[in-house]
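Novice: sequence first, then the predicted structure:
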Amino acid sequence: MVRTSGTRVRPDMAETRQHYEEAACRAGFQALDGLALLAGLYLAISPWVARFAQLDRLTVSNLVTGLAVAALAVGFATAYGRTHGLIWVAPVIGLWTIIAPWVMYGGAVPGRAVLNNVVVGIWIALMGLAAAGMAASRHFRGRGPATRVDGTRPTM
């Protein structure tokens, strides 16, 4: 009886990683990576910049999620071929950033904390969705019935 480990090796894995690495070298991806890094770092320090650090739970949440966004941005910039599967995390963090003031404190949050988190959360969510959209459009372009198994297109 032959047993397998449960994981299957995809024959196009190297090609897919190469594609994502090439896509990460494009100016659009690099701009998104840089903006995501800045947004994550700002989110991490925003309680002190916008002066709502007295809200301990929101301060910790912004610090942790901001550093997570910054770490994701660094991962995408340096090894997108291996980290592209985590692209869905950025929009989720953006959504959490938007709702965190209400989840943690109900309606008793200063307006500057709410405004800060809503604006930064929308920005992070949109950047994550844009990066996912760019990756998907680049990944699936050129694939279809006219593409051979080896990835080349037949000449006419």
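Specialist: Yep, it's here.

Novice: heading C-terminal from the helix or strand hosting Gln30, find the next helix or strand.
Specialist: Gln30 is part of helix 27-49, with elements assigned from DSSP states H and E. For helix 27-49, the following helix or strand on the C-terminal side (DSSP H and E) is helix 56-83.

Novice: give the buried residues for that next one.
Specialist: By neighbour count on 16 or more other CB atoms under 10 Å, the buried set for helix 56-83 is 58-59, 61-63, 65-66, 68-70, 72-73, 76-77, 80-81, 83. Any C-beta I mention is one placed from the backbone N, CA and C, and that applies to glycine too.

Novice: now swap in stretch 78-97 and tell me
Specialist: Result for stretch 78-97 [16+ other CB under 10 Å]: buried residues 80-81, 83-84, 87, 90-91, 93-94, 96-97.

Novice: direction-wise, compare the longest helix anywhere in the chain with helix 27-49 and give the angle.
Specialist: The residue-count maximum for a helix in the chain (DSSP state H) belongs to helix 111-140. Per axes from the mean of the first three to the mean of the last three CA atoms, to 10 degrees, the angle that helix 111-140 makes with helix 27-49 is 160 degrees.

Novice: so helix 111-140 versus helix 56-83, what angle?
Specialist: 10 degrees.

Novice: check which residues of helix 111-140 are buried.
Specialist: So, applying 16+ other CB under 10 Å, buried residues of helix 111-140: 113-114, 116-117, 120-121, 123-128, 130-131, 134-135, 138.
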